[in-house]
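K.L.:
Here is my input; please provide its structure:
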Amino acid sequence: MQTITLNNGVQMPILGFGVYQIPSEETEKAVTEALATGYRLLDTAAAYRNEEAFGRAIAGSGIPREDLFITTKLWVQDAPGEDNTKRAFDASLRRLGLDYLDLYLIHQPYGDVYGEWRAMQDLHREGRIRAIGVSNFQPDRLVDLIEHNEVTPAVNQIEINPFYQRADEQDLMRDRGIQTEAWGPFAEGRNNLFSHPVLGRIADAHGKSIAQVVLRWLVQRDVVTLAKTVSEQRMAQNLDVFDFELTDDQVNAVASLDTGASLFFDHRDPAMVSQLGNVRVD
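P.N.:
Numbers count the residues shown, from 1 in each chain. I've put the predicted structure just below:
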């Protein structure tokens, strides 16, 4: 497993396992199998409502805590953001059965983000979180957060896939010392990703699957990536991407697929801001 170094010196695996949309009753088994397969970066969120099952898998794995890199996320909090963030953090830690987190992210750029960030800075100073970051922040919101706070986010976890590549945003984050992390690398199979002829030709050239080509493309871009599956075979396959490299021509072929638009939704859309911003998670 390759690792990257965050802006505070913390080492983070470049490939991880996410549990978005895995039901709570299936999460413990999936995480147990992922750990057995070799994943050490594991990602969940309070909003996924599977932190307890996730934590049981960690506890039952027998893997030393220091060998794992665990991420969860803070959902939108009511004001006062600082107090409620610390309460939500304690609740997540309790559900996970952990003493500390490796990475804690603001899940959505809505609500009292600055109060939430001040609380996360406190928790980071106290040693309860090794690194803090954000998710789904557009460049303007990200730069504004940096300019008006003490700690620069270590990570911004955003949608990236062959059809929505966001290279300019990655360049900005690199310049600001922020690690780009991808959710939805397979676009949930949209645009016929798993049968796409361009990706298929590249996969055939390397004797790999299209999923492996997509993950290798992201690794070569230095993007930390979360791959989700409940199949043990595909878990292993998704880790097997360090024995080949895409050529410049192949990288350019993938670049040609970029549409410049989300395959899911725009986090700046007023209706979506209202919808997500008014959901509350205990």
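K.L.:
contacts, neighbours, all on C-alpha from now
P.N.:
Fine.
K.L.:
Thr180 and Tyr104: what is the separation?
P.N.:
Distance of Thr180 to Tyr104, computed by CA to CA, to the nearest Å: 15 Å.
K.L.:
Which one's more surrounded, those two?
P.N.:
Tyr104 (28 against 24; other CA atoms under 10 Å).
K.L.:
Just to check, that one is in contact with Thr71?
P.N.:
Yes: Tyr104 is within contact range of Thr71, at 5.7 Å (criterion: CA atoms under 8 Å).
K.L.:
Show me where the stretch 1-150 of the chain has its strands.
P.N.:
3-5, 11-13, 15-18, 41-43, 69-74, 101-106, 129-135 (DSSP state E, counting those that start in this stretch).
K.L.:
looking at this structure, which residue ends up farthest from its center?
P.N.:
Distance from the C-alpha centroid of the chain, by CA atoms, centre = their mean, peaks at Ala205 (29.0 Å).
K.L.:
what about that one, distance to Leu226?
P.N.:
On the measure of CA to CA, Ala205 and Leu226 end up 24 Å apart.
K.L.:
and what of Phe17?
P.N.:
Phe17 sits 5 Å away from Leu226, going by CA to CA.
K.L.:
do the same with Glu26
P.N.:
For Glu26, the distance to Leu226 (CA to CA) stands at 18 Å.
K.L.:
The two: which has the busier surroundings?
P.N.:
Remark: of Glu26 and Leu226, Leu226 carries more neighbours, 24 against 14, as counted by other CA under 10 Å.
K.L.:
elements contacting the helix or strand encompassing that one?
P.N.:
Assigned by DSSP states H and E, Leu226 falls within strand 224-227. In terms of contacts (3 or more CA pairs under 8 Å, 6 or more residues apart in numbering; DSSP states H and E), strand 224-227 is packed against strand 15-18, strand 179-183, helix 210-220.
K.L.:
Quick check: what element follows that strand along the chain?
P.N.:
That would be, after strand 224-227 and using DSSP H and E, helix 232-239.
K.L.:
will you turn the strands of the stretch 1-150 of the chain into TSV that also has distance to Ser262 and mean pLDDT?
P.N.:
As requested, the strands of the stretch 1-150 of the chain are exported to TSV (distance: least, CA to CA, whole Å; pLDDT from 0 to 100):
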stretch	distance to Ser262	mean pLDDT
strand 3-5	26	97
strand 11-13	26	98
strand 15-18	20	97
strand 41-43	21	98
strand 69-74	21	98
strand 101-106	20	98
strand 129-135	15	98
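K.L.:
Of all those, which one is nearest Ser92?
P.N.:
If you check each of the strands of the stretch 1-150 of the chain against Ser92 by CA to CA, strand 69-74 wins as the nearest, at 7.8 Å.
K.L.:
How about exporting the closest one as PDB, limited to the C-alpha atoms?
P.N.:
This file holds the C-alpha atoms of strand 69-74, laid out as PDB (Å, rounded to 0.1, in the frame of the first residue of the first chain):
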ATOM      1  CA  PHE A  69      -6.600   4.900   9.600                       C
ATOM      2  CA  ILE A  70     -10.200   5.600  10.600                       C
ATOM      3  CA  THR A  71     -12.300   8.500   9.200                       C
ATOM      4  CA  THR A  72     -15.800   9.600  10.100                       C
ATOM      5  CA  LYS A  73     -17.700  12.700   9.300                       C
ATOM      6  CA  LEU A  74     -19.700  15.400  11.100                       C
END
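K.L.:
Now do the helices in the stretch 51-200 of the chain.
P.N.:
Listed in chain order, the helices of the stretch 51-200 of the chain (DSSP state H, counting those that start in this stretch) span 51-61, 81-96, 113-125, 139-147, 167-175, 197-206.
K.L.:
list the buried ones in the last one?
P.N.:
Spelled out, that is helix 197-206. Residues Leu199, Gly200, Ile202, Ala203 are the ones in helix 197-206 that count as buried (16 or more other CA atoms under 10 Å).
K.L.:
And for the fifth one?
P.N.:
Taking 16+ other CA under 10 Å as the neighbour-count basis, helix 167-175 is seen to contain the buried residues Gln170, Met173.
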